[in-house]
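Asker: Provide a 3D model corresponding to the input given below.
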Amino acid sequence: MGRFEFLPDEKGLLFENFIYSEFLKSGMLHDNIKYWRTKNGSHEIDFILESQNRALEIKYKDQQKKKDMKNFSVFEKEYPDLTLEVIDKDRFYIS
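Answerer: Okay, the predicted model is just below:
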């Protein structure tokens, strides 16, 4: 595209895509990676790894917003058995 700056939303989308590609490169199958979103679309979690009982929210920003915290509480009420983790730009090596 000939440009080297990113729009604010592009950084987050690229970071999510990077994490997804790392899952695939590590041998995780596409069918084992899911996401969660409420029917009305107001809350979502980026990756659900059922085989590991983990849910991952990917954020490429320095500070979480109030809306993010609401997403987490809604999800945790519905799925208390899954461990919810936030992966951000400073902590993205997943063990």
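Asker: for this structure, which residues score under the pLDDT cut-off?
Answerer: Where the chain drops to pLDDT under 70, the residues are 1, 3, 62-64, 92-95.
Asker: starting at the chain centroid, how far to stretch 53-69?
Answerer: 7 Å (C-alpha atoms, centre = their mean, to the nearest Å).
Asker: same question for stretch 24-32.
Answerer: 15 Å.
Asker: show me what that stretch is in contact with.
Answerer: The contact list for stretch 24-32 (C-beta atoms under 8 Å, 6 or more residues apart in numbering) reads Leu49, Glu50, Ser51. Quick note: C-beta positions are derived from backbone N, CA and C, even for glycine.
Asker: dump those residues into a markdown table; add secondary structure and neighbour count as well.
Answerer: A markdown table is the format used below for the contacts of stretch 24-32 (DSSP: H, G, I helix; E, B strand; the rest coil; neighbours: other C-beta atoms under 10 Å):
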| residue | secondary structure | neighbour count |
| --- | --- | --- |
| Leu49 | strand | 18 |
| Glu50 | helix | 11 |
| Ser51 | helix | 9 |
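Asker: how about a markdown table for these, with distance to Lys11 added?
Answerer: A markdown table is the format used below for the contacts of stretch 24-32 (distance: C-beta to C-beta, whole Å):
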| residue | distance to Lys11 |
| --- | --- |
| Leu49 | 23 |
| Glu50 | 28 |
| Ser51 | 29 |
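Asker: which one among the residues you listed gets closest to Tyr60?
Answerer: Distances from Tyr60 to the contacts of stretch 24-32, taken as C-beta to C-beta, are shortest for Leu49 (19.5 Å).
Asker: would you mind confirming that the closest one makes contact with Ala55?
Answerer: Yes: counting by C-beta atoms under 8 Å, Ala55 is a contact partner of Leu49 at 7.4 Å.
Asker: check which helix or strand Lys67 maps to.
Answerer: helix 66-78 (DSSP states H and E).
Asker: what's that helix packed up against?
Answerer: strand 44-49, strand 54-59, strand 83-88 (3 or more C-beta pairs under 8 Å, 6 or more residues apart in numbering; DSSP states H and E).
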